[in-house]
Every structure is written in C-alpha cells, then in structure tokens.
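> With the sequence up front, the predicted model follows.
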Amino acid sequence: MQSDLKQFSANPGSFFVFKDIYRFFGENIKNSVAIHIGCSDWKHNLELLESYPVPTVMCDPNNELTDFSSAITTHRLKLMDWMKYLKESDCGKHFVNPKWISVEQTFPGNFDGTRTTHSEPLTLTSWSALLQKANMLRGKPTEEVHFALCKIECLDEERTILASLLSSPYRPSILYVRWSADPDGDQQTCEAAGHLQSAGYRLLAVQKDGWFIYHYSAQDIYSCCSWTDVGMAHPLIKMMANQVSEALQKIQSPDTVN
C-alpha cells in the first residue's frame, strides 16, 4: 500500500498522495466525497483538492479561508475568472473545480448545534450533514455516499475531532492528520494515535511537518476480540496467545517434521 503513494511535487513539504485514485477507489469514485477540517495554507491545500477531485466540504472553524471562500463564491460559475484568480494568486498550474468546493464556517460533531469556546459560540455540524452537503455539490446527488477522504488540521483540536469521528458511523478511506505534537513524545497524542490504529487505520506515511497519512483497513482489534469475557487478561493478549499457541502446534506437529 505504501508503494501506491507518491509525493505531489518536489517542493519541500509537498503532500504524499495516491498515484492512482481511480484504481484505488474503483466504482466508489462515482459517489466519493471529502471533508477537510481546518486549513493553515489554502494554496498548499490545492495539492489535495487536485489529487482527489471529488466534491469537498472545507470546514473553517477558525475563519482562515475568508478570501478563498469569497473567490469560490465569486468565480464558481466563471471558470476563466477562476483560473485567472489562481494564476494571479501564484498557485502555479493547479486546477480544482470550484463547483465541487464549499467552505463552511463550522466544526464537525455528532449533532447539529453549537459549541461554547473561549471567545464565542461555534456552529457544530454533524458528520452526516457534512457528507450530504458534499454530495449536493455534485449537482445530481447520489443515493449512497462514499466518505473517501478526511483531512484534519486544527491545532490542539485533532484529538477532539478524531474522537467524534470514531464515535460516528463513518470511516473515511484515507485520513490525513496533522498532529499538534509528536505521538511518540506526547501522552495524549500517543493515546489518540494508538486508538486510531486500533480502530482499523494503518499508518502509510509520515512527513516532517507533522502530517500522518492513514488508510482504513477495517481490521481493528475491537471487532476481532470478545469484550464480554470476564477475567484479568486483556482480550487482545488472549487472542494473540491463542494464535501463537496454534502456530507452535503446527510447527511441532509430526506432519511437518522432515
């Protein structure tokens, strides 16, 4: 799986992306959508929007995308004006479809409502509603939505967002997380990263600027273990012990002796 990745460009800090998303997603590409939460540099974010050309909702809880949002609204129906805007903004040869991008000043959650912060109430939008918003960008919404990609870049909020996501029914196929601290050096981040991998995500790549790329394999320890057995042993340890015991029996079986 790691061999399927490439760096978008030779520029320092360029994202690792999948070489062929059409082969990776297969038929799901027809109903795939993406959700981005937070964005410190919208020009850098164009690499992901171009690499994964699917309807995308960009959550902007910190109001960092005002100019980008205004440009999308202004040039959504005027493609030549949009291309001119990107060129004048020193965005190189990037091309993304403005009709498939919506910037929402909201924070993801498990319900629609508000969240109290240190400054002012923040709008909360459920994952279900965000996915439907992305689906509506397609023009002709599909009956089923495939959560293809989620990008999380909110300083000190990624653990909260991931906890919300993992407690929802949705598992995006590809997950880009920018950890605010090193998972091997910060206890809270360590637990969040460990929980993420225990829930079925596999780490594919790490970048020096804090980006971690995960793929959902659906092989999580929670569903392969029994959590109703009474005892002191951790269910995962018990399962691994049984597997080791079975492997040793096969090795020691007379049928395998030369």
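Nice, thanks for sending it over.

> And the contacts of the helix or strand harbouring Asn242?
Here Asn242 sits within helix 235-252, counting by DSSP states H and E. Residues from elsewhere that reach helix 235-252 (C-beta atoms under 8 Å, 6 or more residues apart in numbering): 221, 224-227, 229, 231, 256. To be clear about C-beta, it is placed using only N, CA and C from the backbone, and glycine gets the same treatment.

> The closest residue to Gly139 other than its chain neighbours: neighbouring residues, count only.
In space, and not counting its chain neighbours, Gly139 is closest to Lys99: 7.6 Å by C-beta to C-beta, 6 or more residues apart in numbering. Residue neighbour count, defined by other C-beta atoms under 10 Å, stands at 15 for Lys99.

> who touches Lys99 in this structure?
Contacts here follow C-beta under 8 Å, 6+ apart; on that basis Lys99 touches 76-77, 137, 139.

> Relative to Thr73, how far out is it?
Lys99 sits 11 Å away from Thr73, going by C-beta to C-beta, to the nearest Å.

> Ala233 now?
Distance from Ala233 to Thr73, counting by C-beta to C-beta: 58 Å.

> how about low-confidence regions in the stretch 101-250 of the chain?
117-119 (pLDDT under 70).

> Going along the chain, name the strands of it.
101-104, 107-109, 113-115, 122-126, 146-152, 174-178, 201-206, 211-216 (DSSP state E, counting those that start in this stretch).

> Each with direction, which strands does the first one pair with?
The one in question is strand 101-104. Sheet partners assigned to strand 101-104 using DSSP bridges are listed as strand 56-59 (parallel).

> Thanks a lot, catch you later.
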